[in-house]
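Q: Model the following, please.
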Amino acid sequence: MPSIFIKTLLLSLTSLISVNIFAESLLQPVVITASRHSESLDDTLASTTVISRDDIEASNSSTLEELLNTVSGLDVRTSGSYGKATSIFMRGTGSSHILTMIDGIKIYSATGGSTAFQHIPLSQIERIEIVRGPRSGLYGSEAIGGVIQIFTRKSYDKAQNTLHLEAGSNNTSELTAGSSGQHGKLSYSLFVSQFNTDGIDSIEHATANDDDAYDNTSISSNLSYSINKSLTLDVSLLNAQGTTLYDNCYNASFATSDDCSADIEQQSISTTMIFAPEGIWDSSLQIGSSKDFSDNFWESAANNTYETKHKSVTFQNNFQLTENHLLIAGIDNTVDEVEATPYVTFDNTRDNQGVYLSWNAQLDAFSVSTSIRSDDNEQFGTHSTGSLSSGYEFKNKMKVFVSYGTAFKAPTFNELYYPFYGSADLVPEESESFEMGIKQKRNKLNWGLSYYNTTIDNLIAYDSALFTANNISKAEIEGFEASISADISNWKMNLSSSYVEPINKDDSNFGNILPARVQESTNLSVSRQFSKTNFSVSVLNQGKRFNDASNSTKVDGYTTVDLKLGYKLTKALKIEAKVNNAFDEDYVINASSSTIYNTTGRTVFISLNYKM
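A: Purely as a prediction, here's the structure:
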């Protein structure tokens, strides 16, 4: 096991022994994503991270992908700076092995299979729940590595108006304005945001260089109306539109160019009716849709257009059989519609019906959670998945847990129909995962250790013998995660480290590391709050990665340091300055034998924040 993980593990254990905390306990956040029902973070048996709005504002991150890169078990690979193609890997699984939702609605590209995190504005996010480990037993396809659920900005009991202005390096600027509150039975929120940057040159060139700009205009809105004591109607919207310039595109004649652009749009809309009468039963009906759109241009000439429209209806029933036994039963009906100019002949819609059942029990110190789900896909037939988790909590609040789960991922439309690559004969990828861990909350100290093992069969890869995609790959992934956080006398400390071995089990590349994955990652953040002043220091260290299956192209690891200083001018107005990559580390995270994607060097930002 690499020394970086051993050092971090020893540091975590040393901290557990040496820290003496007498302050009162903190309220634990409530999570929904892990079990499809509300439970405290302490009680969940899944490895879960919650990022609140306060956490977002306290971080140095300007984008969602920057924020997710600091989460244990996740690593991010970008193709340039702001607004460029981004891949996020969870516990060594691929970027298409993560189910992403916004306010309960799945959002992704059915052609590429992953989510365009780079186009979801951080300014529109209230909260993020990240569940590591398989969740197909509750959600169906894609949830092999885990689930990321994003919740848009919400209303508060008291009326609140906010304004955020930020400007900095690379001619970057952001303006966000919002209002939220409550009038009688109606709660509301409305936020608008505009982000612009000249960016940097996406690709390292030997001669001419040009900046690849990006702009994003977004709006989010939430309405909640209490019809009566038992019935509530919620409506949410997120829409983000913009333009990104990028390098290294090609046209129908396979001519390449660095003069590339795309008009993009991400959208999620949901309507939820919640019925919660007195008694053992409550239910919810959610109807929603999402859109992923990209209209690409090659030297100003129209090139390829990709559009995914995802529509869903979910009806869930919760039965609180006793105080300690909860039964959940639900049905999902989803339809994916795709429009893609590269495809010649294809079926542009795909229906899926899912039925799921979950049981959660608390038996004194023991807890159990189990789920089973059956998905009937019009193209791939029936697929069944499930999970079983159990935990035991000792009197000192230390909890041990074990879990087992199966998951699957349906082939993307690109894998099925893309010219000179797709094959309609593909079957879904399948996985089995095992995890065991230990965690403890001691007043204002939280720590946890976990080990996991995942095997994935029928992995889809290019088959040189057939000149198409084929189910020829398989992989075994083994990893560890360690984390500790403390809040002592206005000092906050968070330390997390992860190590993963994503091993290729193909005949041709047997034993190699799966491409693009970071094996070792450590993140440390320390902050201090004074009466009017706050400051923080964050350190991110990531080890090497290989950018090809043969492991012949190695990308070295790196360490960055971020700094932040804030001062309250008045009760409502705050000024902040942040320096990212303070020591101007020169590093690369995405490269091939012929192309190196640039990363931003040192950047400086100044912001004004008004909240009243």
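Q: For the rest of this, base every contact and every neighbour count on C-alpha atoms.
A: Fine.
Q: what is the mean pLDDT for stretch 337-350?
A: Predicted confidence along stretch 337-350 averages 85 (mean pLDDT).
Q: now what about that stretch, what contacts it?
A: Outside stretch 337-350, the residues that touch it by Cα atoms under 8 Å, 6 or more residues apart in numbering are 110-111, 304-310, 335-336, 377-379, 417-419.
Q: I only care about those residues that end up buried; give me the PyMOL line for that.
A: Under the burial definition 16 or more other Cα atoms under 10 Å, those of these that qualify are selected in PyMOL by:
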select buried, resi 110+111+304+305+306+307+308+309+310+335+336+377+417+418
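Q: Tell me which of the contacts of stretch 337-350 fall in helices.
A: Under the assignment DSSP state H, the contacts of stretch 337-350 contribute Y417 to helices.
Q: how many other residues sit next to I456?
A: 22 (other Cα atoms under 10 Å).
Q: quick one: contacts for it?
A: Per Cα under 8 Å, 6+ apart, neighbours of I456: 429-432, 474-476.
Q: Let's see which of the residues you listed end up in helices.
A: Using DSSP H, none of these sit in helices.
Q: Of these, which one scores lowest on pLDDT?
A: K474 (92).
Q: Grab the nearest non-local neighbour of that one.
A: Spatial nearest neighbour of K474, excluding adjacent residues (Cα to Cα, 6 or more residues apart in numbering): D457 at 4.7 Å.
Q: Same check on G113?
A: S96 (5.0 Å).
Q: quick one: the helices in the protein?
A: 3-18, 53-58, 64-68, 136-139, 413-417.
Q: quick one: average pLDDT of the fourth one?
A: Confidence over helix 136-139, taken as the mean pLDDT, stands at 97.
Q: how far is that helix from where the chain is centred?
A: In terms of Cα atoms, centre = their mean, to the nearest Å, the centre of helix 136-139 is found 17 Å from the chain centre.
Q: List the contacts of that helix.
A: 35-36, 142-144, 356-358, 371-373, 384-387, 405-408.
Q: mind redoing it with 6 Å?
A: 143, 371-373, 385-387, 407 (Cα atoms under 6 Å, 6 or more residues apart in numbering).
Q: Compare these and tell me which has the most neighbours.
A: A407 leads those on contacts (other Cα under 10 Å) with 31 neighbours.
Q: what's near enough to touch that residue?
A: 134, 136, 144, 385, 430-431.
Q: Now the buried members of these.
A: 134, 136, 144, 385, 430-431.
Q: related to what we said a few turns ago, give me the number of residues near the residue nearest to G113?
A: Using other Cα under 10 Å: S96 sits among 27 other residues.
Q: Let me know whether it touches S114 as I believe.
A: Yes. Between S96 and S114 there is a contact under Cα atoms under 6 Å: 4.5 Å.
Q: any idea which residue sits dead centre in this structure?
A: Residue closest to the average C-alpha location in the chain (Cα atoms, centre = their mean): I148, at 4.1 Å.
Q: And that one, how close does it get to I102?
A: Per Cα to Cα, to the nearest Å, I148 is found 9 Å from I102.
Q: The contacts of stretch 337-350 in strands, which ones?
A: Per DSSP state E, strands hold the following members of the contacts of stretch 337-350: 304-310, 335-336, 377.
Q: show me what contacts T49?
A: Residues in contact with T49 (Cα under 6 Å, 6+ apart) are 129-130.
Q: Show me the beta-bridge partners of it.
A: Beta bridges link T49 to I130, judged by DSSP bridges.
Q: again, but for V235
A: Beta-bridge partners of V235, as defined by DSSP bridges: L223, T271.
Q: now stretch 33-47, how far from the chain's geometric center?
A: 17 Å.
Q: List the buried residues for that stretch?
A: Neighbour-count burial for stretch 33-47 [16+ other Cα under 10 Å]: 33-36, 39, 41-42, 44-47.
Q: before we move on, what about stretch 143-155?
A: Buried, per 16+ other Cα under 10 Å, within stretch 143-155: 143-155.
Q: What separation do you get for the closest residue to T305 other than its chain neighbours and E337?
A: Nearest residue to T305, sequence neighbours excluded (Cα to Cα, 6+ apart): D295, at 4.4 Å. Separation of D295 from E337 (Cα to Cα): 16 Å.
Q: just for the stretch 301-450 of the chain, where's the confidence low?
A: Along the stretch 301-450 of the chain, the model assigns pLDDT under 70 to residues 344-345.
Q: Please repeat the previous calculation with a cut-off of 80.
A: Scanning the stretch 301-450 of the chain for pLDDT under 80 picks out 343-346.
Q: what about the strands in it?
A: Secondary structure of the stretch 301-450 of the chain (DSSP state E, counting those that start in this stretch): strands at 301-322, 325-340, 349-363, 366-377, 381-393, 398-409, 429-442, 445-463.
Q: Most tightly packed of these?
A: With neighbours defined as mean count of other Cα atoms under 10 Å, these peak in mean count at strand 398-409, which reaches a mean of 22.
Q: now the angle between strand 381-393 and that one, please.
A: 170 degrees (axes from the mean of the first three to the mean of the last three Cα atoms, to 10 degrees).
Q: To what extent is A255 buried, counted in neighbours?
A: The number of residues near A255, taken as other Cα under 10 Å, comes to 10.
Q: begin at 5 from here
A: Sounds good: first residue 5 from here, last item A259.
Q: Please report phi then psi for it.
A: phi -80, psi 140 (degrees, to the nearest 10).
Q: So what would you say the end-to-end distance of stretch 518-528 is?
A: 26 Å.
Q: which residues touch that stretch?
A: 498-504, 506-508, 542-547, 549-553.
Q: picking that back up, out of the ones in strands among the contacts of stretch 341-354, who's nearest Q186?
A: Nearest to Q186, judged by Cα to Cα, of those is H314 at 31.3 Å.
Q: show me what contacts that closest one?
A: Counting by Cα under 6 Å, 6+ apart, H314 touches 293-294, 339-340.
Q: tell me the two of these that are most distant?
A: Using Cα to Cα, the contacts of H314 span at most 10.7 Å, a distance reached by S294 and V339.
Q: quick one: contacts for the closest residue in space to D267 that isn't next to it in sequence?
A: Spatial nearest neighbour of D267, excluding adjacent residues (Cα to Cα, 6+ apart): T247 at 4.5 Å. Neighbouring residues of T247 by Cα under 6 Å, 6+ apart: 218-219, 266-268.
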